[in-house]
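Participant: Build me a structure from this.
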Amino acid sequence: MNITKNFLTIETPTGPFDLYVASPEIKSPVILVFMEAFGVNHHIQSVCERLAQEGFMAVAPDLYHREGRRIVVDYANREAIFPLLGKLTNEDIIEDIKGTLKFLKDLPMADLSQVYSIGFCVGGFMSALGATKLDIKRMVSFYGGGMVRPREGFKIRPILDDLKHIKGQTLFFFGGKDASITESDINVLRQTLSRDSVPHEIVVYENGDHGFFCDERKSYNAEAAVDSWKRTLEFFR
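Facilitator: The predicted model follows:
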C-alpha cells in the first residue's frame with residue numbers, strides 16, 4: 001500500500017505544535033499514536049507507518065512542544081526525560097488531543113467518525129486519559145504508568161476516578177517484569193474497570209519488561225511484541 005508520511009504543524013499561542021502523520025492515500029479511520037517519554041522518535045514514527053500500511057491514518061502529536069520542537073531523547077540518556085516528563089499535565093495533554101482532532105477536521109483523508117488511540121509508556125497513560133475525556137471508540141495502552149498511583153516529581157495525576165467515563169472498548173498490555181508498574185497496580189486497574197463496567201481486556205506478558213514492544217530498546221521482547229501487535233490490529237479492525 002502506498003502511504004504518505006510527514007510532519008504537519010499546528011500554530012498555537014505557545015508556538016508550533018507538530019504532528020507526525022502517516023496515512024494511506026484514501027480516506028481512513030484515525031488512530032492517535034501517543035509517544036513514549038522519549039518523544040516522537042524513530043520508533044513512534046515507525047508505529048505510525050505500520051498502522052498506515054494497515055489502512056489507518058496514524059497521527060502522533062509531539063506532546064513536548066511547549067518545551068521545544070520535535071524533542072527526542074536517546075534511549076541511553078534516560079535521565080534527560082525527567083525534566084520534560086515532569087512538566088506534562090493532564091490538562092495540557094487533553095488540550096493537545098483536542099487541538100489535534102480539530103486540526104484533522106480539515107484533512108479530507110481523515111475519517112473522524114471512527115477515532116482510535118494507542119500509546120506506549122507515558123503515551124499509554126495519555127491514551128487512557130484521552131479515552132476518559134473524548135469519544136475514542138477503541139483505546140490501546142502499552143505499559144502505561146501513572147494511571148493508578150501518583151508519581152513523585154510528576155504533575156500528571158492518576159485517572160482511576162475517571163475511568164468510568166470511558167465509552168469505548170479498551171485493551172491494556174503490561175510486562176510482568178516491569179518494576180515501574182506492579183502487579184498490585186494492574187489488579188487495582190482491573191478491579192476498577194470491572195466495577196465501572198468499562199469494556200476491557202488486560203494482557204500481561206510475564207517475561208515482558210517495560211518497553212517490551214520497542215525493538216530499539218534493550219527490553220525488547222520479540223514474542224510479546226509480535227503477539228501484542230497481532231492483538232492490537234485485530235482489536236482495531
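Participant: From now on I want contacts and neighbour counts done on CA atoms only, so please keep to that.
Facilitator: OK.
Participant: how near is Gly68 to Leu8?
Facilitator: According to C-alpha to C-alpha, to the nearest Å, Gly68 stands 15 Å off from Leu8.
Participant: scratch that, Ala128 is what I was asking about
Facilitator: 24 Å.
Participant: ok, these two, which is more surrounded?
Facilitator: Ala128 (27 against 14; other C-alpha atoms under 10 Å).
Participant: Might you calculate how far stretch 140-152 sits from the centre of the chain?
Facilitator: 11 Å (C-alpha atoms, centre = their mean, to the nearest Å).
Participant: next one: stretch 145-164
Facilitator: Worked out by C-alpha atoms, centre = their mean, stretch 145-164 lies 15 Å from the chain centre.
Participant: Repeat that for stretch 211-223.
Facilitator: 16 Å.
Participant: what do you get for stretch 184-199?
Facilitator: That offset, for stretch 184-199, works out to 19 Å (C-alpha atoms, centre = their mean).
Participant: same deal with stretch 172-182?
Facilitator: Distance, stretch centre to chain centre, for stretch 172-182: 16 Å (C-alpha atoms, centre = their mean).
Participant: Over to stretch 219-237?
Facilitator: Its chain's average C-alpha position is 14 Å from that of stretch 219-237, according to C-alpha atoms, centre = their mean.
Participant: Show me what counts as buried in it.
Facilitator: 219-221, 224-225, 228, 232, 236 (16 or more other C-alpha atoms under 10 Å).
Participant: next one: stretch 100-115
Facilitator: Residues 100-101, 104, 109-112, 115 are the ones in stretch 100-115 that count as buried (16+ other C-alpha under 10 Å).
Participant: same deal with stretch 37-51?
Facilitator: For stretch 37-51, by 16+ other C-alpha under 10 Å, it's 37-41, 43-45, 47-51.
Participant: For this protein, just list every one of the strands.
Facilitator: Secondary structure of the chain (DSSP state E): strands at 3-12, 15-24, 28-34, 57-61, 110-120, 138-142, 169-175, 200-205.
Participant: buried sites along the second one?
Facilitator: Just to be clear, that refers to strand 15-24. Using 16+ other C-alpha under 10 Å as the test for burial, strand 15-24 gives 16-24.
Participant: what pLDDT, on average, does that strand get?
Facilitator: Across strand 15-24, pLDDT averages out at 96.
Participant: and that strand with strand 57-61, angle?
Facilitator: 160 degrees (axes from the mean of the first three to the mean of the last three C-alpha atoms, to 10 degrees).
Participant: State the paired neighbours of strand 15-24 in the sheet, together with their directions.
Facilitator: Paired neighbours of strand 15-24 in the sheet (DSSP bridges): strand 3-12 (antiparallel), strand 57-61 (antiparallel).
Participant: what does that strand rub up against?
Facilitator: 1-11, 40, 45, 48-49, 51-53, 55-62, 65-66, 69-70, 100 (C-alpha atoms under 8 Å, 6 or more residues apart in numbering).
Participant: what sits against the residue most central in space within the chain?
Facilitator: Nearest to the geometric centre of the chain sits Gly119, at 1.7 Å (C-alpha atoms, centre = their mean). The neighbours of Gly119, taking C-alpha under 8 Å, 6+ apart as the test, are 33-36, 125-127, 140-142, 144.
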